[in-house]
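Peer 1: Give the three-dimensional model of this entry:
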Amino acid sequence: MTPGSPATRGPRFALTLQIAARASRLPSRRQLRRWASAALAQDARVTLRIVGKAEGRRLNREFRGKDYPTNVLTFAYPEGSPLTGDIVLCAPIIRQEAEAQDVSLAAHYAHLVVHGMLHLQGYDHQRAAAARIMESLESEIVTQLGYPDPYSVQA
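Peer 2: Purely as a prediction, here's the structure:
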């Protein structure tokens, strides 16, 4: 087999990046793409949108009924192929969490991008058994990317 042949190439991945927040030290497009690709098992078209607290709170309230900004939201659009969805990352919350957990900002972004990509592919953590599967995959992918296991460093 030759590199790039269907049997050896990874999933095709179209990434759109939207920066809608004023934040310093955001990951580069290359980093975001690398992290997302690491968690991808099928062809996909994904928009990563980095937002501030106001938009993060509005989206969380509108789509989850929770009136506070959250670190990551995933919106999957299951009709058709390839896999299509949006992942929203709230920059100020991610920074606060990274500092509170004493992990690098890059490590926390990597974890949350992987987390969002797994949600996009149907993984969830609503039930204990499903959470163990998803967390195990997250740990494996994040450590393969060279970052600490996100579940061994959290309090």
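Peer 1: show me where this protein has helices.
Peer 2: Applying DSSP state H to the chain gives helices spanning 29-38, 53-64, 91-101, 105-120, 128-144, 150-153.
Peer 1: Turn those helices into JSON lines, columns for distance to residue 44, mean neighbour count and mean pLDDT.
Peer 2: For every residue, glycine as well, the C-beta is placed using N, CA and C. As requested, the helices of the chain are exported to JSON lines (distance: least, C-beta to C-beta, whole Å; neighbours: other C-beta atoms under 10 Å; pLDDT from 0 to 100):
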{"stretch": "helix 29-38", "distance to residue 44": "8", "mean neighbour count": "17", "mean pLDDT": "96"}
{"stretch": "helix 53-64", "distance to residue 44": "20", "mean neighbour count": "15", "mean pLDDT": "97"}
{"stretch": "helix 91-101", "distance to residue 44": "22", "mean neighbour count": "18", "mean pLDDT": "96"}
{"stretch": "helix 105-120", "distance to residue 44": "7", "mean neighbour count": "24", "mean pLDDT": "97"}
{"stretch": "helix 128-144", "distance to residue 44": "15", "mean neighbour count": "15", "mean pLDDT": "94"}
{"stretch": "helix 150-153", "distance to residue 44": "22", "mean neighbour count": "14", "mean pLDDT": "81"}
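Peer 1: Mind putting these into CSV with distance to residue 80?
Peer 2: Formatted as CSV, these follow (distance: least, C-beta to C-beta, whole Å):
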stretch, distance to residue 80
helix 29-38, 19
helix 53-64, 21
helix 91-101, 30
helix 105-120, 14
helix 128-144, 24
helix 150-153, 32
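Peer 1: and of those, who's closest to residue 78?
Peer 2: Residue 78 lies closest, by C-beta to C-beta, to one member of these: helix 105-120, at 9.8 Å.
Peer 1: Let me know the angle separating the closest one from helix 128-144.
Peer 2: Following axes from the mean of the first three to the mean of the last three C-alpha atoms, to 10 degrees, one obtains 140 degrees for the angle between helix 105-120 and helix 128-144.
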